[in-house]
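Undergrad: kindly generate the corresponding structure for this input.
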Amino acid sequence: MRKLWAAVALGTTALLGSGCQPESAPCPAIAMAPVVGLTIAEDYVPTVQGVHLRACQDGTCKEADLKLMPGSRSIPQACSTGPDGACSATMQPDGTMYGLLDMGVLTASPISAKVTGTASTGRPLPVRTLDFTPKILKPFGEKCGTVITANLVLDASGLKQAA
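TA: Numbering: from 1, shown residues only. Next up, the predicted model:
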């Protein structure tokens with residue numbers, strides 16, 4: 001009989017202990033757009049009038065003249081304290097330009113990219129190519145899904161994968 005009560009006590013203790021475990025934070029319901037991003041470096045922006053990006057992945061190619069938009073960076077602001085404290089930031093132009101190419105589907109497979117375009121003089125920009133592998137990140141923790149990003153930087157020296 002003692003063994004039965006010991007088993008019941010042990011089982012109850014195990015159940016109580018499992019109810020006291022800290023809950024893990026839920027994963028955010030954020031999806032990354034399946035795009036290849038191209039940033040034109042600040043010192044190269046005056047040279048560029050327009051760019052065309054072609055990217056091929058898993059046997060499918062997409063291409064477009066990119067709509068270039070001003071780039072920006074985040075500037076941290078003050079944080080409030082207390083149990084409901086929060087921090088904020090503002091965006092400030094950084095002199096870069098960027099554009100996005102919608103791939104429809106973006107996987108972790110290698111991508112072949114080719115950038116052509118027109119210089120501010122009206123002449124063609126040098127053709128730049130790069131084979132690269134998108135980055136796989138887990139910004140929300142190991143238990144949350146992966147995020148695949150494919151970002152490039154174009155400057156006077158060529159085309160490279162963003163850091």
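Undergrad: which parts of this protein are helices?
TA: 2-19 (DSSP state H).
Undergrad: pLDDT-wise, which helix or strand of it ranks last?
TA: Every helix and strand of the chain was ranked by mean pLDDT, DSSP states H and E. The lowest is helix 2-19, at a mean of 44.
Undergrad: ok now stretch 71-83, how far from the chain's centre?
TA: The chain centroid and the centroid of stretch 71-83 are separated by 20 Å under CA atoms, centre = their mean, to the nearest Å.
Undergrad: okay, now the unreliable bits of this structure?
TA: The chain contains residues with pLDDT under 70 at 1-24.
Undergrad: longest strand of it?
TA: Longest strand of the chain, by residue count under DSSP state E: strand 87-102.
Undergrad: pull the CA atoms of it into CSV?
TA: What follows is strand 87-102, C-alpha atoms only, in CSV (Å, rounded to 0.1, in the frame of the first residue of the first chain):
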residue,chain,number,x,y,z
CYS,A,87,11.5,51.9,-26.6
SER,A,88,11.1,53.7,-29.9
ALA,A,89,13.2,54.7,-32.9
THR,A,90,12.9,57.1,-35.9
MET,A,91,14.0,56.5,-39.4
GLN,A,92,16.6,58.8,-41.0
PRO,A,93,17.6,58.8,-44.7
ASP,A,94,21.1,57.3,-45.2
GLY,A,95,21.8,58.3,-48.8
THR,A,96,21.4,54.8,-50.2
MET,A,97,18.7,53.7,-52.7
TYR,A,98,17.1,50.3,-52.7
GLY,A,99,14.7,48.2,-54.8
LEU,A,100,13.0,44.8,-54.5
LEU,A,101,12.5,42.0,-57.0
ASP,A,102,9.6,39.8,-56.2
